[in-house]
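Participant: everything below, folded, please.
(4 chains)
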There are 2 protein chains.
Amino acid sequence: MVVLELSEQDVNRLFRALADATRRDIVRRTLVTDISVSQLADSYEMSFAAVQKHIAVLEEAHLVTKAARGRERMVRGNLVRIRQAQRLLDHFEELWRSRMERLDSLLAEGSPDSPDT
Amino acid sequence: MVVLELSEQDVNRLFRALADATRRDIVRRTLVTDISVSQLADSYEMSFAAVQKHIAVLEEAHLVTKAARGRERMVRGNLVRIRQAQRLLDHFEELWRSRMERLDSLLAEGSPDSPDT
DNA sequence: GTAATATACAATCAAATGGTTGTATTAGAG
DNA sequence: CTCTAATACAACCATTTGATTGTATATTAC
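Facilitator: Purely as a prediction, here's the structure:
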């Protein structure tokens, strides 16, 4: 089992890439179907180059990949990276759970001055 | 059941707030225990005001809340918002699943020229 | 081969971000 | 009451971001 090690930089890029509505839309659409760069560009009220840049940001975050097909570049969403993001959020949940457990044990022992010593 | 409606702006702020290592660390720590602004500020190699700003970003994203306790402001991580982020990512998963289902049905029918018509 | 389409990429620019220092306010300690 | 600790907030600055236009390259269509 691969212990996927995301660097802090990687995590920064990952969440940053998700922090834009256009980019989230591109990810959603390319998770469902491969779409060419120009097809994507046609859908948004901005220049071709702007959409290109958004795709580049997503690529650097590994949220999409591009594959040449003739003169087109087909963009495909990468679910693996989404799952890695989910894992990161799961970890936050676990931390919170640890707080609950501590509070629980305090309550169970009727708030002694130092539980577990 | 509350259909938590996050605006695109809200989602932008949420993921953007998570796209910084210091801020993620603050969220982690305040999910485990409430910590004052100055206690947090002491932990990082930057000015008090810089940490204050990071906390402000987290507050706007509703990832933490602040509560006055005397002259201190106790910062507490907000798990609800983390879960909302998880929900958003879950939705991406579902989209991907729809692609798989379509591919499955195509394979099952041996790639007819127009399945389902 | 030539024209049109799809993409890549550089230069530029305004706005947002992430940091700083300095000043003001508020609450607790002595 | 006075001093100090904790916070708030404004002003400033360098860098990054998100967008633009313009130019170059590659592939398909005719």
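
Participant: C-alpha only now, for contacts and for neighbours.
Facilitator: OK.

Participant: A:Trp88: neighbouring residues, count only.
Facilitator: Not Trp; residue A:88 is Leu. Taking other CA atoms under 10 Å in any protein chain shown as the criterion, the count of residues near A:Leu88 is 14.

Participant: quickly note the distance from it to A:Ile82.
Facilitator: Computed with CA to CA, to the nearest Å, the distance linking A:Leu88 and A:Ile82 is 10 Å.

Participant: next one: A:Glu101
Facilitator: Distance, A:Glu101 to A:Ile82, using CA to CA: 29 Å.

Participant: between the two, who's got more neighbours?
Facilitator: Of the pair A:Glu101 and A:Ile82, A:Ile82 is the one with more neighbours under other CA under 10 Å, namely 21 against 11.

Participant: other SSEs contacting the helix or strand containing that one?
Facilitator: Secondary structure here is read from DSSP states H and E; on that basis A:Ile82 sits in helix A:79-108. Helix A:79-108 is packed against helix A:8-18, helix B:21-32, helix B:79-108, with contacts defined by 3 or more CA pairs under 8 Å, 6 or more residues apart in numbering or on different chains; DSSP states H and E.

Participant: tilt between it and helix B:79-108?
Facilitator: With axes from the mean of the first three to the mean of the last three CA atoms, to 10 degrees applied, the angle from helix A:79-108 to helix B:79-108 works out at 140 degrees.

Participant: before we move on, the earlier item: nearest to DNA strand D, of the helices and strands packed on helix A:79-108?
Facilitator: With CA to the nearest atom of the strand as the criterion, DNA strand D lies closest to helix A:8-18 of these, at 7.3 Å.

Participant: give me the contacts around that closest one.
Facilitator: Judged by CA atoms under 8 Å, 6 or more residues apart in numbering or on different chains, the contacts made with helix A:8-18 from elsewhere in the structure are A:23-24, A:57-58, A:60-63, A:85, B:12, B:15-16, B:18-21.

Participant: of the residues you listed, grab the buried ones for PyMOL.
Facilitator: Selecting in PyMOL just the buried members of the contacts of helix A:8-18, where the criterion is 16 or more other CA atoms under 10 Å in any protein chain shown, is done with this command:
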select buried, (chain A and resi 23+24+57+58+61+62+63+85) or (chain B and resi 12+15+16+18+19+20)
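
Participant: of the contacts of helix A:8-18, which are in range of DNA strand C?
Facilitator: Counting by CA under 7 Å from any atom of the strand, the subset of those that neighbours DNA strand C consists of B:Ala19, B:Asp20.

Participant: what residue ranges in chain A score low on pLDDT?
Facilitator: The model of chain A has pLDDT under 70 over residues A:1-4, A:108-117.

Participant: ok, now how distant is the residue in it that DNA strand D sits nearest to from A:Ala41?
Facilitator: Distances from chain A to DNA strand D, computed as CA to the nearest atom of the strand, single out A:Gly70 as the nearest residue at 2.8 Å. As for A:Gly70, its distance to A:Ala41 is 18 Å (criterion: CA to CA).
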